[in-house]
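Colleague: I would like to see how this sequence folds:
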Amino acid sequence: MFRQTLQKILPVVVCAGLVLPASLQAQSSESILQSRFPELANYLNVAEVLQAAVFDEVALTNQSPEAEIGKGLLIDAIVDLQEAQYSHYHTSANHLAMLGPHRLFESRATPGLQAMVRTEYSQEEVQRLLEANGSIPPKAIAVLTRGREFADTLLEIYLDNSIYDKHTAVDEALTEYLSNDELSVAASPKSGDLLSEHPYAYAFRVGFPQLSGMTWASQWMQLAMLEITMTAASDAALEAGMQTVADIYIDKIARAHGSMISLPTDIPTMPAIAPNLYSFHPGAAYVLDNISALKVVIGDVLAHPSVPDRGAAIEESLEKFTDKEGYMDNEMSYLQFVLRGGIFNQGGPALGGMEQSERNRSRVATEQGHVSNYPMQ
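Modeller: Purely as a prediction, here's the structure:
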């Protein structure tokens, strides 16, 4: 299992049939991010390993006979959410609700995951660990890896002072990303129903609030780094901004006193965390938000106790997210969907500064539902 491989960092792991983007396999030279901001470059590597480890922990929990009580509590909570008119993945959440039905399993796993953040991983080690993860299909690993590489490319474009026409460079990177239709998600907003209305929705967030929060903290960091590299007016501003991102990330995911209350309780999205990048490069922003939503759906499939064939369910979700024509939404309903929970719950602005939610009253309090009027196409 992945957990054992993570502990030993085996020198060679072969996953038959796995197709990874060629650019990852060929990557050997040091990136600008690695040379200028090695700490953050490693945090991004750790984020990939952390995501895979969380998927593995969720899958192992469902296989444990000790989890039967937690499974029952999770099913009850999901039924309540699905029956509530205001249920929605992007909704006002409570940081005190960090104790899920599988809290014992989370409490066992969390210290190791926090320690992982302080560990250094090379690109080669990251690739081997991802290949060793047997919790999700190889195609899912390839799609997520290609998405990560696209985000890395965007960072490099904005860090590279020799690239003067950033817009054209991003457009070219997006075209290259989409050139592999099978392993790329859509560069347009996907319907929120893919996230909130699929058969196993809410299982990841409700069943594993701390583990999902840790993955969302890493996603917050990625978006915040993109926003800072794009908007920094000088090298000094860039240095200060990236250090702030690193400090906030560590405070969120591995506070010295061990508190987990700073973790995001909602999925970080471009309009909330990186609004400038969203405004200038909406296609690229949609890709990264669709990748984030896909990760949550995969987590839902792994976390739900009653999935007859998890591999097939994940493959079905992959087909919908990589479909470039179906299951789409318009920009306005997309913005309404991703901003419903507020910026604070998604981790706060790229440079921080929010100590409490900007939402004075929740949707529950105002009795405003979150039922979409836009059916999937």
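Colleague: wait, isn't residue 210 in contact with residue 104?
Modeller: No: counting by Cβ atoms under 8 Å, residue 210 sits too far from residue 104 to count as a contact (11.6 Å). (Each C-beta comes from the backbone N, C-alpha and C, glycine too.)
Colleague: out of the two, which sits in the more crowded spot?
Modeller: Neighbour count, other Cβ atoms under 10 Å: between residue 210 and residue 104, residue 210 has more, with 20 against 15.
Colleague: Assign that one to helix, strand or coil.
Modeller: helix (DSSP: H, G, I helix; E, B strand; the rest coil).
Colleague: For it, give me the pLDDT.
Modeller: For residue 210, the model assigns a pLDDT of 91.
Colleague: Could you check the pLDDT of residue 339?
Modeller: Residue 339 is given a pLDDT of 89.
Colleague: Quick check, it in contact with residue 268.
Modeller: No: judged on Cβ under 8 Å, residue 339 makes no contact with residue 268 at a distance of 11.8 Å.
Colleague: Do I have it right that residue 74 meets residue 206?
Modeller: Yes: counting by Cβ under 8 Å, residue 74 touches residue 206, with 6.3 Å between them.
Colleague: list residues touching both of those two?
Modeller: Contact criterion Cβ atoms under 8 Å, 6 or more residues apart in numbering; residues shared by residue 74 and residue 206: 100, 101.
Colleague: Using the three-state scheme, assign the nearest residue to residue 55 once chain neighbours are set aside.
Modeller: Nearest non-adjacent residue to residue 55, counting by Cβ to Cβ, 6 or more residues apart in numbering: residue 135, 4.6 Å away. Here residue 135 is coil, with the state taken from three-state DSSP.
Colleague: For residue 135, give its distance to residue 193.
Modeller: Distance, residue 135 to residue 193, by Cβ to Cβ, to the nearest Å: 25 Å.
Colleague: Show me which of these two is the more surrounded one.
Modeller: residue 135 (25 against 17).
Colleague: List the buried residues of the one helix or strand residue 279 maps to.
Modeller: According to DSSP states H and E, residue 279 maps onto helix 275-280. For helix 275-280, the neighbour count (16 or more other Cβ atoms under 10 Å) marks 275, 277, 278 as buried.
Colleague: Make JSON lines out of these and add pLDDT.
Modeller: Shown next, in JSON lines, are those (pLDDT from 0 to 100):
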{"residue": "275", "pLDDT": "94"}
{"residue": "277", "pLDDT": "94"}
{"residue": "278", "pLDDT": "96"}
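Colleague: how about low-confidence regions in the stretch 51-200 of the chain?
Modeller: Along the stretch 51-200 of the chain, segments meeting pLDDT under 70 span 82-98.
Colleague: Next, count neighbours for the closest residue to residue 46 other than its chain neighbours.
Modeller: Excluding its sequence neighbours, the residue lying closest to residue 46 (Cβ to Cβ, 6+ apart) is residue 117, at 5.6 Å. By other Cβ under 10 Å, 19 other residues sit near residue 117.
Colleague: Ok, residue 244 next?
Modeller: For residue 244, using other Cβ under 10 Å, the count is 16.
Colleague: Equivalent analysis for residue 199, please.
Modeller: Residues contacting residue 199 under the criterion other Cβ under 10 Å number 12.
Colleague: Pretty sure it sits in a strand.
Modeller: No: read with three-state DSSP, residue 199 is coil and lies in no strand.
Colleague: For it, give me its contacts.
Modeller: Residue 199 makes contact with 304, 313, according to Cβ under 8 Å, 6+ apart.
Colleague: For it, grab phi and psi.
Modeller: Dihedral angles of residue 199 (phi, psi; degrees, to the nearest 10) stand at phi -60, psi -20.
Colleague: ok, it to residue 76 distance?
Modeller: 17 Å.
Colleague: Hmm, residue 348 and residue 342 touching each other?
Modeller: No: look at residue 342 against residue 348 with Cβ under 8 Å: they stay out of range, at 9.8 Å.
Colleague: neighbour-wise, which of these two wins?
Modeller: Shown here are residue 342 and residue 348; by other Cβ under 10 Å, residue 348 has more neighbours (24 against 20).
Colleague: Helix, strand, or coil at that one?
Modeller: Residue 348 - assigned by three-state DSSP - is coil.
Colleague: ok, it to residue 276 distance?
Modeller: Distance from residue 348 to residue 276, by Cβ to Cβ: 16 Å.
Colleague: try residue 151
Modeller: Distance from residue 151 to residue 276, by Cβ to Cβ: 16 Å.
Colleague: didn't residue 61 look like it was pressed against residue 104?
Modeller: No: using Cβ under 8 Å, residue 61 makes no contact with residue 104, being 9.4 Å away.
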